[in-house]
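Trainee: Following is a predicted model, sequence given first.
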There are 2 protein chains.
Amino acid sequence: MSAAAPAPRPARATIADVAKAAGVSKATVSRFLNHRERLLSPDIAARVEAAVAQLAYTPSPMAQALSHGRSRLIGLIVADITNPYSVAVLRGAEKACQDAGYLVMLFNLGNDIDREREAINALAGYQVDGFILNTLGRGAGLVDADALHGKPAVLVDRRHAGMHTDFVSLDNAAAMKSACSHLVDGGYRELLYITEPLKGVSSRRERTAAFGDCVTAHEPRVAGEVYESTGDDGDGLDAALRALHKRAKRGKRAAVLAGNAVVTLRVAAAMARLGLRFGEDIGFVGFDDPEWAPLIGPGLSAIAQPTEEIGRTAATCLLERLRGLEGPARQLLLPGELVVRGSSGGG
Amino acid sequence: MSAAAPAPRPARATIADVAKAAGVSKATVSRFLNHRERLLSPDIAARVEAAVAQLAYTPSPMAQALSHGRSRLIGLIVADITNPYSVAVLRGAEKACQDAGYLVMLFNLGNDIDREREAINALAGYQVDGFILNTLGRGAGLVDADALHGKPAVLVDRRHAGMHTDFVSLDNAAAMKSACSHLVDGGYRELLYITEPLKGVSSRRERTAAFGDCVTAHEPRVAGEVYESTGDDGDGLDAALRALHKRAKRGKRAAVLAGNAVVTLRVAAAMARLGLRFGEDIGFVGFDDPEWAPLIGPGLSAIAQPTEEIGRTAATCLLERLRGLEGPARQLLLPGELVVRGSSGGG
DNA sequence: TTGTAAGCGTTATCAG
DNA sequence: CTGATAACGCTTACAA
């Protein structure tokens, strides 16, 4: 035996290697792998199978994508990966995709609206088969249909004006209604809904509108206001809460509704600053049910979103479209669940 | 004008289209794009440039990957995307990668150890240029060097036994030391460190070992114990805390240290169950500083990890290797920061 | 049933 | 400086 050069790196086996090992053509190997239905002579099939196993051959998805046009890749664009809601959705979607043999390519916008197009183009470059979009949904970044390069997409949580695509989200109206009813039933009469700036974000607008409807439905017994909180408006928020508390003192019990977990955090901080106690001084219910909700004060009541299911549903929608499903854009609104804790309990 | 057939979909322009439009060869276009340094005649350059702009041409990363062998893709494997720590790291890494022109392919293990290999193979299939690994780091899944298909990798937070790769993490020993010193200085004498089951996870072991060292350093003035909490051991945890509290009553102040945010959550729940108050009945410091830490009781003291920087550093390490940096595996330990709040304040 | 050969969109080698 | 041409790994008509 001659001293073999130290094999550099036994590069991944290619289809050609398999073909040679099995003594057949590349085409045959390819057929064995893809069109299992059309029988090949058992003899050859066995030889190919053996060669594949022996060489631990795995097709290169890149080459397949280039040739066949399909990448088994799904592009997932997320407005802000810092947001636990987005992550929870991502998790559900990613799992469903993996289970279906797709890989997820993630693009995080970091709340930078200008990157929306960039993200789509980058992902489209990798020939993703479809998109799951949880984008900003406002302003100029608006993804129009043909920016998608003709690929199917699903919108999560935020709709875009003129887009003809499937849409998956919490049933905001129903969720808000159950929260309001709960508070009103509990004797709360002064309601304050605190939301992040609407800015044309569909989910925020829907929740705010639903809040208005709920209040209207109970007027004049119940009064409601909306406050848009920006995150650097500590004073404004404090003032709004103080005013609410004052109204409560005049005999009406008052409660805050928070539009999402971020706002909940701000409200909790403000309440601490003001020395107000959840449940006792002011009632509280928030959208989103983070793991820490039970641990703040007497426990925060919350509307739990089926985040994981939302993600899974979005992925499923997309996968169906990829399998060729035609038909008009669908709207899937999933129900939230009100979790009652001390902050809105009897008192 | 003849009625043009409704152009089906003006498929992305290819390099051939550009070449034709500019009246040059594909090779020339490719050179114009990649080897800008080697001048081409200004005339041709201008023509190509115009054609590229006119057709809005973008190279196909897939084809580039196939041909040139580089994908500009980074594979990021995360043990559990539900874990905010992982997400924070991911965020930092993803940003650094994007800034360097790389895209991140995400694979979430969902804590399923068996998928470690699967993940690497899937990612390797897409020709990722390198890996960032925040994996389970225990048991059989152990990623060995050649499973990586010869591609560079960086380990985050958890080391693997025999792997010769860069490693980025919190400086666990120093962080633990500062936490312990803080508690001892504050008069706490009975310390209980609660960690998730060690199971050979390097970061957990390092922290536990450092805790032991700290206690030893202060003996016999200070006593310390370790409790491994599994998540379904509510009773055990309660008992451990009750025992600690009892020791506190005998005149020595007692404090809990939590090994990460998950444990912190468990401890907070247990304290609530037992009617114990942070800071007053039992002192507390936890690893990780989640956004809700200031809102639990009098505020939870915490060791804030520079998560985003850890992610960024990991990405940077990897990118350097991709640029050809040689040399031995590096270890980057980043300092944590102790944030003191009410749970370990004077009192 | 199986093999041959022509792409898919790039890059790289090698002549001119 | 520029243009053919051969890879890269795979799929898929088209032949045999």
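Mentor: Sure, I can see it. Numbering: from 1, shown residues only, chains lettered A, B, ... in the order given.
Trainee: rest of the way, CA atoms for contacts and neighbours
Mentor: Noted.
Trainee: Okay, A:V128 and A:A65: tell me how far apart.
Mentor: 9 Å (CA to CA, to the nearest Å).
Trainee: which residue is nearest the centroid of chain A?
Mentor: Closest to where the C-alpha atoms of chain A average out (CA atoms, centre = their mean) is A:V89, at 3.5 Å.
Trainee: Without its sequence neighbours, what residue ends up closest to it?
Mentor: A:G311 (4.3 Å; CA to CA, 6 or more residues apart in numbering or on different chains).
Trainee: Contacts only, for that neighbour.
Mentor: Counting by CA atoms under 8 Å, 6 or more residues apart in numbering or on different chains, A:G311 makes contact with A:88-94, A:156.
Trainee: Say whether DNA strand D is contacted by the helix or strand harbouring it.
Mentor: Counting by DSSP states H and E, the element that carries A:G311 is helix A:307-322. No. Using CA under 7 Å from any atom of the strand, we find that helix A:307-322 stays clear of DNA strand D, coming within 14.9 Å at best.
Trainee: Following element in sequence after that helix, please.
Mentor: strand A:331-334.
Trainee: Reduced to three states, what does the residue of the stretch 101-250 of chain A found nearest DNA strand D come out as?
Mentor: At 13.5 Å from DNA strand D, A:Q127 is the closest residue in the stretch 101-250 of chain A, using CA to the nearest atom of the strand. For A:Q127, the assignment made with DSSP: H, G, I helix; E, B strand; the rest coil gives coil.
Trainee: so how far is chain B from it?
Mentor: To chain B, A:Q127 is 8 Å away according to CA to the nearest CA, to the nearest Å.
Trainee: Excluding chain neighbours, what is closest to that residue?
Mentor: Counting by CA to CA, 6+ apart, the residue nearest A:Q127 is A:S71, at 6.0 Å.
Trainee: buried residues in the helix holding A:G311?
Mentor: Buried residues in helix A:307-322, defined by neighbour count with 16 or more other CA atoms under 10 Å in any protein chain shown: A:307-319, A:321.
Trainee: Next: stretch A:183-196.
Mentor: Going by 16+ other CA under 10 Å, stretch A:183-196 has these buried residues: A:183-184, A:187-196.
Trainee: quick one: the residue nearest to A:S25 when sequence neighbours are not counted from DNA strand C, how far?
Mentor: Nearest non-adjacent residue to A:S25, counting by CA to CA, 6+ apart: A:A19, 5.3 Å away. The gap separating A:A19 from DNA strand C is 8 Å, by CA to the nearest atom of the strand, to the nearest Å.
Trainee: Could I get the average pLDDT for the helix or strand encompassing A:A19?
Mentor: A:A19 is part of helix A:15-22, with elements assigned from DSSP H and E. Helix A:15-22 carries an average pLDDT of 95.
Trainee: With just CA atoms, put the next helix-or-strand element following it into CSV.
Mentor: On the C-terminal side of helix A:15-22, the closest following helix or strand by DSSP H and E is helix A:26-34. Provided in CSV are the C-alpha atoms of helix A:26-34 (Å, rounded to 0.1, in the frame of the first residue of the first chain):
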residue,chain,number,x,y,z
LYS,A,26,-27.4,9.8,-11.8
ALA,A,27,-30.9,9.9,-13.2
THR,A,28,-31.7,6.6,-11.7
VAL,A,29,-30.5,7.6,-8.3
SER,A,30,-32.5,10.8,-8.5
ARG,A,31,-35.6,8.8,-9.5
PHE,A,32,-35.1,6.3,-6.7
LEU,A,33,-35.1,9.2,-4.3
ASN,A,34,-37.9,11.3,-5.7
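Trainee: Helix A:26-34 and DNA strand C in contact?
Mentor: Yes. Residues of helix A:26-34 contacting DNA strand C under CA under 7 Å from any atom of the strand: A:26-28.
Trainee: near DNA strand D too, which of the residues you listed?
Mentor: Okay, of the residues of helix A:26-34 next to DNA strand C touching DNA strand D (CA under 7 Å from any atom of the strand), that's A:26-28.
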